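Colleague: pasting a predicted model and its sequence here:
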Amino acid sequence: MTRHETFPAAIAAQDILPVTPRIGAEIRNIRLGGDLSHDSIAAIQTLLLRHKVLFFRGQDHLDDADQEAFAERLGDLVPHPTQAVVKGSSSILELDSSRGGGRADRWHTDVTFVEAYPKASILRGVAIPEVGGDTIWANTVTAYSDLPEPLRQLADGLRAVHSNAYDYAAHRPRASEQDRKHYTEVFASAVYETEHPVVRVHPETGEKLLLLGGFVQRIDGLPQSDSHKLIEILQSYVIAPENTVRWRWQTGDVVIWDNRATQHVAVNDYGDAHRVVRRVTLHGDIPVGVDGRTSTALVKPAI
């Protein structure tokens, strides 16, 4: 943020600390909760669109109900489509490293295997290892901007299939037996498959961004081998170091990210140390590509 940029009136300029030039800002001197003023909520939403990821330290006062009450001020809560919510909550997903599925250690955008995947996620640090367990986010808008023009033109016309049913063993060869069981019996218990544009137009900012991540299975119309090569090339722009921000968690931290404009990965480097985070997601809209075509659900469970 430069000295020429304007700041949301409800948050002082000195309390907005960009973490990197491209993505991420720490917001200080604010107590999150459902009782925040309208101006404060509007400021957070404005800053989220600008920085893609917002970090808040010292939010130890929040419990599950408070987290949901705050999240409801930003949008409509939506539970995970296959995983159970925390008892007593309407939408909170717990990621506990001691249980199956608790280590989200692949680059991904949350729940892209459904049509209207979440527009934002709010994550709260409950139990954090003394060392390790950081999360890294990447800006998919600047990743698209970095593409050479011929590659950008190619990406504009591509469609990709996302699914929660994939070769888990190939993607996570070092996963525990507990994690493998959780994937089969819980995460992929109901199969979803959706075709999204590879380049999505952000519904609020109008920015073009790459819609990829760990749930992408193939590029429509290409052989599998060519799909994998092209996905790898495009993904390399997303996760380039200069396009990312890394956060060292503390207990009580809250992080909010624009799930339409980012990917993230939880670094699995903390061994047997205990790590627990709790996530709320906000209902999103169906993506629209550069050509105006929307995403299409190919497979979804009968309701």
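Modeller: Yep, it's here.
Colleague: now what about the helix or strand hosting residue 297, what contacts it?
Modeller: Here residue 297, judged by DSSP states H and E, is contained in strand 296-299. Here strand 296-299 makes contact (CB atoms under 8 Å, 6 or more residues apart in numbering) with 114-115, 161, 163, 191-195. All C-beta atoms are positioned from the backbone trio N, CA, C, and that covers glycine.
Colleague: now pLDDT too, for these, in JSON lines please.
Modeller: Formatted as JSON lines, the contacts of strand 296-299 follow (pLDDT from 0 to 100):
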{"residue": "114", "pLDDT": "97"}
{"residue": "115", "pLDDT": "97"}
{"residue": "161", "pLDDT": "97"}
{"residue": "163", "pLDDT": "95"}
{"residue": "191", "pLDDT": "91"}
{"residue": "192", "pLDDT": "93"}
{"residue": "193", "pLDDT": "95"}
{"residue": "194", "pLDDT": "97"}
{"residue": "195", "pLDDT": "98"}
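Colleague: among these, which ones are buried?
Modeller: Buried by 16 or more other CB atoms under 10 Å: 114-115, 161, 163, 192-195, out of the contacts of strand 296-299.
Colleague: for the stretch 151-300 of the chain, give me the ranges with low pLDDT.
Modeller: 166-176, 179-188 (pLDDT under 70).
Colleague: do that again at 80, thanks
Modeller: 166-189 (pLDDT under 80).
Colleague: now do residue 9, the pLDDT please.
Modeller: Residue 9 carries a pLDDT score of 77 in this model.
Colleague: what comes up buried for the strand holding residue 297?
Modeller: For strand 296-299, a neighbour-count test (16+ other CB under 10 Å) marks nothing as buried.
Colleague: list the contacts of the residue nearest to residue 114 when sequence neighbours are not counted.
Modeller: Distances taken as CB to CB, 6 or more residues apart in numbering put residue 192 closest to residue 114, at 5.4 Å, once the chain neighbours are dropped. Residues in contact with residue 192 (CB under 8 Å, 6+ apart) are 81, 113-114, 163-165, 297, 299-301.
Colleague: out of those residues, list just those in helices.
Modeller: The helices, defined by DSSP state H, take in nothing from those.
Colleague: and those residues, which two are furthest apart?
Modeller: 165 and 297 (14.0 Å; CB to CB).
Colleague: which residues of the stretch 101-250 of the chain fall in strands?
Modeller: For the stretch 101-250 of the chain, the strands defined by DSSP state E, counting those that start in this stretch occupy 120-127, 135-139, 159-163, 193-197, 199-201, 208-210, 216-219, 244-247.
Colleague: which residues of the stretch 201-303 of the chain fall in helices?
Modeller: 224-238 (DSSP state H, counting those that start in this stretch).
Colleague: now stretch 266-284: buried residues?
Modeller: 266, 268, 270, 275-282, 284.
Colleague: could you do stretch 89-101 as well?
Modeller: Neighbour count says stretch 89-101 has 89, 91-97, 100-101 buried, by 16+ other CB under 10 Å.
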